[in-house]
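K.L.:
with the input below, show me the fold.
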Amino acid sequence: FHAAKRRNCFHPNTKLWFRDEAGSWHHDDIRTFVEERLDEETADSDDFGTLVQELDGDVFVPSIDEDGNEVVKPVEAVSKHPSPDHMVRVETRSGREITVTPDHEMHVFDGELRSKRASELTEADNLAKPEHLDVVSPDEPKRFDLLEELLRCENVDNGRLMVKGLDRDDLYEVFTETLAEDHEGRFYPLKSTAEYLGTTKKALSNYVYRESIPAELLIAVFDSVDDLLRRVPNDVRLGMKRDAPDMDRFIDLNERVATLLGYYAAEGFAREQETPKGTIHQTTICGTEVEARDFFVDVLREEFGVEPYYENEAKVTVSGRLLRTFFDTVLDAGVTADSKQVPQVVFDAPDEIVTSFLSGYFSGDGAVSTNATVVSATTVSKELKEDLFALLTRLGIVASVDVTEPGPLVEYFPDYYDVDSPKQSARR
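P.N.:
Numbering: from 1, shown residues only. Prediction:
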């Protein structure tokens, strides 16, 4: 019975809210949630191929109690098992979708809340959904330590990552405190450290006097990455060798940054391109209004410590690998329209950060109806659609979605095209 019950489940791409072991809130797919907590070597198994891992009760999800009140409850176990022959996809009138196994129990309301198998649902049923998620209430917005993020990022070469602004005397003190005790003979901060690192005194001297040192060398000097992060001053700058732009070490997820991230989700992209002069990295946010572009420039300059430029009347661009890596890898915000998603840090942020993100998004990609109090936006990213639904629900904002099949642009925007012949392609 229990094995059969545990095959009563969701499609792995289904997203859910949860509070992790460290107390951080996430909105992520159930596949990731399970895989990160299921150890196939220690999990229980049955004759049907089901794997079940009991949890310690330190991961929580939104739920309801017997009286229908919104609460958080601990997750007792996660399971993984072979898929049945077919699944059931349920779509609501508002455009929400969920895919489950046929025997999955769904909550329906017909005067009272009760359960009904997904395979038995009809169009006459009303599914229950939360009006809001008050139990999702993070306290503090995140502060990014970009140095830590980059040191732990597999896509960044620590030999090219440069830490800038380290005072020479401070470095000599660190070299001495860390290496002198185990050094044989008299310790010379520059010469002895160069020998320890396997480099020349001249090479290390150039780094020290320029106050720009590869992170790879610092890692070799300090006892650990944590020790490095603790000892390196907060006001250092970060850059990449042979990549002129650099950035501040710390970035605070405040309302201005959240608004910029919303604009990026709507009208931004990042790219890596090979040119005859080498690889270029660019991060661009588009805005048709002068006020919006000026806002992009101010935030990028003041909050990120980078130097953006007006590429044209619609684009603000920042060159450099570090900012692209921040959006692409650290935030995992997506770099093209179809890969966009809300960064996980926004889900774990206070309401004012969430509203700022949504404000930026709808300002960049939204429209207001002239006939009703309705704000709409368009995206080709399914991930972003689901994420926006989640944020709006958390704030108690009712949302719906209409799915439009792809087609020629002339069919959707006829006022912007002239067509000479049905057999010819449209020209703008």
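
K.L.:
any low-confidence regions in this structure?
P.N.:
1-8, 372, 419-428 (pLDDT under 70).

K.L.:
ok, the most centrally placed residue in the chain to residue 353 distance?
P.N.:
Residue closest to the mean C-alpha point of the chain, counted by C-alpha atoms, centre = their mean, is residue 343 at 2.7 Å. Computed with C-beta to C-beta, to the nearest Å, the distance linking residue 343 and residue 353 is 11 Å. Placement of C-beta: from N, CA and C, glycine included.

K.L.:
rewinding a little: which phi and psi does the nearest residue to the residue nearest to the centre of the chain once chain neighbours are set aside have?
P.N.:
Leaving aside its sequence neighbours, residue 343 sits nearest to residue 331 (C-beta to C-beta, 6 or more residues apart in numbering; 4.2 Å). Here is the backbone geometry of residue 331 (degrees, to the nearest 10): phi -80, psi -30.

K.L.:
same check on residue 272?
P.N.:
Dihedral angles (degrees, to the nearest 10) for residue 272: phi -120, psi 120.

K.L.:
next, the residue nearest to it when sequence neighbours are not counted: phi, psi?
P.N.:
Nearest non-adjacent residue to residue 272, counting by C-beta to C-beta, 6+ apart: residue 281, 5.4 Å away. With angles defined as degrees, to the nearest 10, residue 281 sits at phi -120, psi 130.

K.L.:
where's residue 281 relative to residue 155, distance?
P.N.:
In terms of C-beta to C-beta, residue 281 sits 12 Å off from residue 155.

K.L.:
between those two, which contacts overlap?
P.N.:
Common contact partners of residue 281 and residue 155 (C-beta atoms under 8 Å, 6 or more residues apart in numbering): residue 325.

K.L.:
more crowded one of the two?
P.N.:
residue 281 (20 against 10; other C-beta atoms under 10 Å).

K.L.:
isn't the more buried one up against residue 244?
P.N.:
No. Using C-beta atoms under 8 Å, residue 281 makes no contact with residue 244, being 11.4 Å away.

K.L.:
anything in contact with each of those two?
P.N.:
Residues touching both residue 281 and residue 244 (C-beta under 8 Å, 6+ apart): 319, 320.

K.L.:
what about the helix or strand hosting residue 208, distance to the chain center?
P.N.:
Residue 208 belongs to helix 201-210 when elements are defined using DSSP states H and E. Distance, stretch centre to chain centre, for helix 201-210: 38 Å (C-alpha atoms, centre = their mean, to the nearest Å).

K.L.:
cool, stretch 44-51 as well?
P.N.:
33 Å.

K.L.:
buried residues of it, list them for me.
P.N.:
Neighbour counts over stretch 44-51 (16 or more other C-beta atoms under 10 Å) mark 50, 51 as buried.

K.L.:
that older thread, list the contacts of the residue nearest to residue 272.
P.N.:
243, 270, 271, 272, 319, 320, 321, 323, 324, 325.

K.L.:
can you do 10 Å?
P.N.:
By C-beta atoms under 10 Å, 6 or more residues apart in numbering, the contact list for residue 281 reads 240, 243, 245, 270-273, 318-325, 328.

K.L.:
before we move on, what about residue 190?
P.N.:
Residues in contact with residue 190 (C-beta under 10 Å, 6+ apart) are 168, 171, 172, 175, 201, 202, 204, 205, 208, 209.

K.L.:
do the same with residue 172
P.N.:
Applying C-beta under 10 Å, 6+ apart, the residues contacting residue 172 are 188, 189, 190, 193, 208.

K.L.:
the third one and residue 176: what is the separation?
P.N.:
Using C-beta to C-beta, we find residue 190 at a distance of 11 Å from residue 176.

K.L.:
so what touches the helix or strand containing residue 98?
P.N.:
Using DSSP H and E, the element containing residue 98 is strand 97-100. Under the contact criterion C-beta under 10 Å, 6+ apart, strand 97-100 has outside partners 8-15, 87-92, 104, 106, 117-119, 127, 129, 382, 385-386, 389, 401, 403.
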